[in-house]
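# can you look at this prediction? I've put the sequence above it.
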Amino acid sequence: MSDAPILVSTDGPVRTLTLNRPAALNSFTGAMHAALRSALAAAAQDTAVRCLVITGAGRGFCAGQDLNDPEMQSADGGPPDVGGVVERLYKPLALSLADMPVPVIAMVNGVAAGAGANFALGCDMVVAARSASFIQAFSKIGLIPDCGGTWLLPRAVGRARAIGLAMTGDKLGAEEAERIGLIWRCVDDAALAETTLALARKLAAMPSRALSQTRRAIDAASTMAYADALGHEAQLQGELARAGDFAEGVAAFLAKRPAAFSDR
């Protein structure tokens with residue numbers, strides 16, 4: 001296997017990015033951040049890509065920040081500038097997921113801890129192997145959730161569960177994560193790749209622009225008054241109705257044929 005920090009493969013309209021530091025449970029380094037941001041940008045710019053899958057090599061998805069990485073070392077021997085690392089690396093990474101023009105699926109094949117857990121949760125859907133787990137490990141080293149965790153967790157599972165998960169740092173199994181609504185699906189380990197690819201192909205055949213705008217509308221509505229959310233819906237519906245996919249979808253429905261969507 002290549003020693004590149006991110007592996008990129010494409011299967012028709014589906015592109016897969018694999019975090020590739022298996023010996024370190026794919027923990028983040030500055031080099032991995034740079035490669036991942038570049039791969040995300042390339043997928044966003046490639047109009048042939050209509051769904052993105054992100055997974056990890058080996059037995060884990062991502063164990064969060066590599067504490068031995070030079071990014072975490074202070075030049076003067078003092079405490080590391082963790083806030084600077086979050087602002088410089090994790091904030092733009094989380095925002096790049098939120099801005100992707102196509103659906104993004106996290107295929108969680110093992111442990112997802114710390115920033116690795118919240119990176120997965122920042123994707124549109126999470127499909128996890130039954131043996132996978134999610135750990136908000138920050139409290140164990142005196143920190144708070146980052147990579148969007150403080151925003152994502154309470155919106156997914158409510159304040160009580162979010163605070164419990166964040167404060168205890170306890171391991172949450174994939175089955176329980178699905179039960180409480182933290183992730184989309186938990187599947188048997190042997191079915192993970194097949195199930196995720198089937199979902200990715202399904203989403204790739206759907207109207208990409210409408211799907212990405214659905215994500216943005218739902219995220220935006222969480223901080224809007226009801227009337228403002230209704231107005232935002234009207235604005236987005238107006239924009240989408242002027243695009244080609246709406247016309248194609250209506251024509252396909254009336255003709256009782258499969259639609260061939262192309263907007264992105």
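Thanks, I have it. Residues are numbered from 1 along each chain as shown.

# from now on I want contacts and neighbour counts done on CA atoms only, so please keep to that.
Will do.

# check contacts around the nearest residue to P13 once chain neighbours are set aside.
Among residues not flanking P13 along the chain, V49 sits closest, at 4.7 Å (C-alpha to C-alpha, 6 or more residues apart in numbering). By C-alpha atoms under 8 Å, 6 or more residues apart in numbering, the contact list for V49 reads 12-15, 43, 102.

# please indicate which of these has the highest neighbour count?
Using other C-alpha atoms under 10 Å as the neighbour test, these are led by V102, with 28 neighbours.

# on the three-state scheme, that one is what?
coil (DSSP: H, G, I helix; E, B strand; the rest coil).

# can you list the domains in this protein?
The chain breaks down by automatic domain parsing into domains covering 6-204, 208-255.

# in the stretch 101-250 of the chain, which spans are strands?
104-108, 111-113, 125-129, 133-135, 171-173, 185-187 (DSSP state E, counting those that start in this stretch).

# and L197, which of these is closest to it?
strand 104-108 (9.3 Å; C-alpha to C-alpha).

# now do that closest one: which elements does it pack against?
strand 51-56, strand 60-62, helix 115-121, strand 125-129, helix 192-204 (3 or more C-alpha pairs under 8 Å, 6 or more residues apart in numbering; DSSP states H and E).

# can you map out the helices along this structure?
All helices of the chain, identified by DSSP state H, fall at 30-45, 82-85, 91-98, 115-121, 149-157, 159-168, 174-179, 192-204, 208-221, 226-241, 244-255.

# return the distance of the nearest residue to F28 once chain neighbours are set aside relative to K171.
Nearest residue to F28, sequence neighbours excluded (C-alpha to C-alpha, 6+ apart): Q65, at 4.6 Å. As judged by C-alpha to C-alpha, to the nearest Å, Q65 and K171 stand 17 Å apart.

# comparing the two, which residue is more hemmed in?
Neighbours were counted for Q65 and for K171 using other C-alpha under 10 Å; Q65 has more, 20 against 16.

# tell me the contacts of A41?
So A41 contacts S96 (C-alpha under 8 Å, 6+ apart).

# can you pull out the low-pLDDT segments for this protein?
1 (pLDDT under 70).

# just to revisit the earlier point, among the helices and strands packed on strand 104-108, which comes closest to A75?
Judging the helices and strands packed on strand 104-108 by C-alpha to C-alpha, what sits closest to A75 is helix 115-121, at 23.6 Å.

# the closest one packs against which elements?
Looks like helix 115-121 contacts strand 60-62, strand 104-108, helix 149-157 (3+ C-alpha pairs under 8 Å, 6+ apart).

# nearest to T196, out of these?
Between those, strand 104-108 lies closest to T196; by C-alpha to C-alpha that is 6.6 Å.

# that closest one relative to strand 51-56, how many degrees between them?
Calculated by axes from the mean of the first three to the mean of the last three C-alpha atoms, to 10 degrees, strand 104-108 forms an angle of 30 degrees with strand 51-56.
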